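Participant: missing the sequence, but the structure's below:
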């Protein structure tokens, strides 16, 4: 039996992860759960799954949680330190990191330094700290198994094949809710959060709408698979059936397909290299009947170009891209800026940034702070 | 440098194989070539590639070949025995078997018994002698790498993955030239040989039109991958971009895609497990733009049902299916029967057959003879 810590258990990835763990029966047990502030759901989950420990990052509703878990023997930890504490616990065999944003980095690093497997749904960790994370993973003989559907697809298509034989990684993208809309200056928050295929959290839904999600994924793929940016491409595929593909030097493309369902990559990250029957509805290609593909038009989706630009500038630039995006997504959700401003401001911030090569953790954190401040200037200007 | 014997070098597979070998440069050399009777092309190929030996099966034009190769030092062998002789030659590292029909079996067996790699394009070998071939392959630590585009695709999708995790093998089919035609009783030979996607030999073009090709492939996949028939399905995919796919127990589908070009599976069978740049045009999904899928309607394509029936009856039945089909394709090309009769007569012959379980080579050969005779009765009756 493998003991799993589910970070962000009340979020979209976390809830799906608990469905997966439940489906897998005795093979996995959730030994630790964490959430930012949703104590109602966390207490429900804790009472159902009886983990050894739960972490509440924001302590505002701590009394409520204490009351709910009274007499259960479930240990309650708090704050961001709590996340690292469970990541390091010797009883945790595997960390599923479903935390949103750069807060996901410290527990990932902690688990890796203990040589554990991290099922990583937190793409910001790799975007900002990619080089450090991958070096530490090798050094500590740890494992990072991607949970993002695109990266899980690539991981499965590679299946241990030699990197030297890879010609191109092809990330697919639904194109988001505004694939066929030219002007993003007047879209509403409601429209933005209404993704055509995936039901996801707010941050990632906004990222899908701006295609910053795909920008983050390009950078994530670069670090995770050690593939140079010129070998990473994006194809618009509105049906979201081919989750990504790898082209080899001989012209062969190996692709991973399934119905869009996050439980599948989550489960694979847990059971890899094995597979188990899942709760995913079987894909019937004759029912889907048609798969379509379109090029990414850079002028329509500047986010994709920003990813290549950030990788080209290198060093702290990808962290700057990510941090300014995090800040600007909030600004959009707080109705301080229109959606189209997000990529425009990120572009300006990247342009101003003087990257530090091979940065330390502290230097990355400094760059993140700087990026948020810079982005804020543009928000206030407006 | 690997030394390749190309059997059937003047046929469609053989010509492509020589293009591949040429493209791969010094890594491979064609040390032996063979053809049935096309001495003009064989002598051209011999003068270009300078193999050590050539085999002419039908000796009618032997004097012409001798004249052409005079003074070259190229050895000329004749008859079917010649094929086995080169298959066994210690200078041959790898046998590419592009021979059509059950004549392909003896050299395949000979090469396998010497522990060699066989790049197998001759599907009839596995359809009729599947069990014997696979047992001998294991016993002699030989290798069979499929060259059929569908089986190469499956081989690449499996990529060493555990068979226990396979839920289904999905063979794709263009649907052939008559996918949208209801009545096959009055199609002409010219229409039949005009495949919408692939340029191939006559036999395989007729098999594509009747979908007997897919029937043979179902049986081939069963033996080659050791997968029970209920786990093999067929999907119509007119664009021929996904060459086949594997569904795993968790619901994941891994698919192999490329432009339809036989040089790709041929090259992979030579270079496996490595890959090399190929002469195949790179697939651009955004250029293709749409991939479509349809179910196989059994009443439209009875051939597919015949494959499952033959596997269910087992033993010599698959050889009977193949032999009667070989006979009936010739009868169609000689305008003795209409195209729709092929599957009808095969169905009758299979129905009459009393299969021998775990048959010897001789028993299979007897069953083949019997099947051709039975099929002939129906042709004469008509």
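Facilitator: Looks like it arrived, so ask away. All figures in this text were calculated on a predicted structure; none of them were measured in a lab. Residues are numbered from 1 along each chain as shown, chains lettered A, B, ... in the order given.
Participant: ok, residue A:340 - contacts?
Facilitator: Residues near residue A:340 by C-beta atoms under 8 Å, 6 or more residues apart in numbering or on different chains: A:183-185. C-beta: built from backbone N, CA, C; applies to glycine.
Participant: how about residue A:359?
Facilitator: A:315-316, A:319, A:367.
Participant: what's the answer for residue A:231, then?
Facilitator: Applying C-beta under 8 Å, 6+ apart, we find residue A:231 in contact with A:166-169.
Participant: same thing with residue A:337?
Facilitator: A:328, A:331, A:345, A:379, A:382.
Participant: just the buried ones from the residues you listed?
Facilitator: When neighbours are counted using 16 or more other C-beta atoms under 10 Å in any protein chain shown, the contacts of residue A:337 contain these buried positions: A:328, A:331, A:345, A:379.
Participant: and chain B, which of the residues you listed contact it?
Facilitator: Of the entries in these, not a single one is placed beside chain B under the rule of C-beta under 8 Å from any C-beta of the partner chain.
Participant: coming back round to it: just the contacts of residue A:337: which are in helices?
Facilitator: With helices taken from DSSP state H, the overlap with the contacts of residue A:337 comprises A:328, A:331, A:345, A:379.
Participant: in a markdown table: those, plus distance to residue B:69 and pLDDT.
Facilitator: Putting the ones in helices among the contacts of residue A:337 into a markdown table (distance: C-beta to C-beta, whole Å; pLDDT from 0 to 100) gives the following:
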| residue | distance to residue B:69 | pLDDT |
| --- | --- | --- |
| A:328 | 75 | 97 |
| A:331 | 80 | 97 |
| A:345 | 75 | 98 |
| A:379 | 81 | 95 |
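Participant: for those residues, which one is nearest residue B:94?
Facilitator: residue A:328 (58.1 Å; C-beta to C-beta).
Participant: how about that closest one: what's its closest non-neighbour residue?
Facilitator: Of all residues beyond its chain neighbours, the one nearest residue A:328 is residue A:342 (4.5 Å), with distances taken as C-beta to C-beta, 6 or more residues apart in numbering or on different chains.
Participant: where along the stretch 1-150 of chain A do the strands fall?
Facilitator: For the stretch 1-150 of chain A, the strands defined by DSSP state E, counting those that start in this stretch occupy A:2-7, A:28-35, A:53-56, A:75-78, A:94-97, A:117-120, A:143-146.
Participant: to residue A:14, which of the ones you listed lies closest?
Facilitator: Closest to residue A:14 of the strands of the stretch 1-150 of chain A, according to C-beta to C-beta: strand A:2-7, at 5.3 Å.
Participant: quick one: strands adjacent to the closest one?
Facilitator: Strands that pair with strand A:2-7, judged by DSSP bridges, come out as strand A:28-35 (parallel), strand A:94-97 (parallel).
Participant: now those strands as JSON lines including mean neighbour count?
Facilitator: Formatted as JSON lines, the strands paired with strand A:2-7 follow (neighbours: other C-beta atoms under 10 Å in any protein chain shown):
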{"stretch": "strand A:28-35", "mean neighbour count": "25"}
{"stretch": "strand A:94-97", "mean neighbour count": "27"}
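Participant: residue numbers of the stretch 251-382 of chain A in contact with chain B?
Facilitator: Residues of the stretch 251-382 of chain A found near chain B (C-beta under 8 Å from any C-beta) are A:251-259, A:261, A:264, A:267-268, A:271, A:274-278, A:280-283, A:285-286, A:288-295.
Participant: in strands only, show me these.
Facilitator: In strands, judged by DSSP state E, the following of these are found: A:253-257, A:290-292, A:294-295.
Participant: list only buried entries from the residues you listed.
Facilitator: Buried, going by 16+ other C-beta under 10 Å: A:253-257, A:291-292, out of these.
Participant: and the furthest pair within those residues?
Facilitator: Farthest pair in these, by C-beta to C-beta: A:254 and A:292, 19.9 Å.
Participant: contact partners for the nearest residue to residue A:64 once chain neighbours are set aside?
Facilitator: Among residues not flanking residue A:64 along the chain, residue A:39 sits closest, at 5.0 Å (C-beta to C-beta, 6+ apart). Taking C-beta under 8 Å, 6+ apart as the definition of contact, the neighbours of residue A:39 are A:56, A:61-62, A:64-65, A:68.
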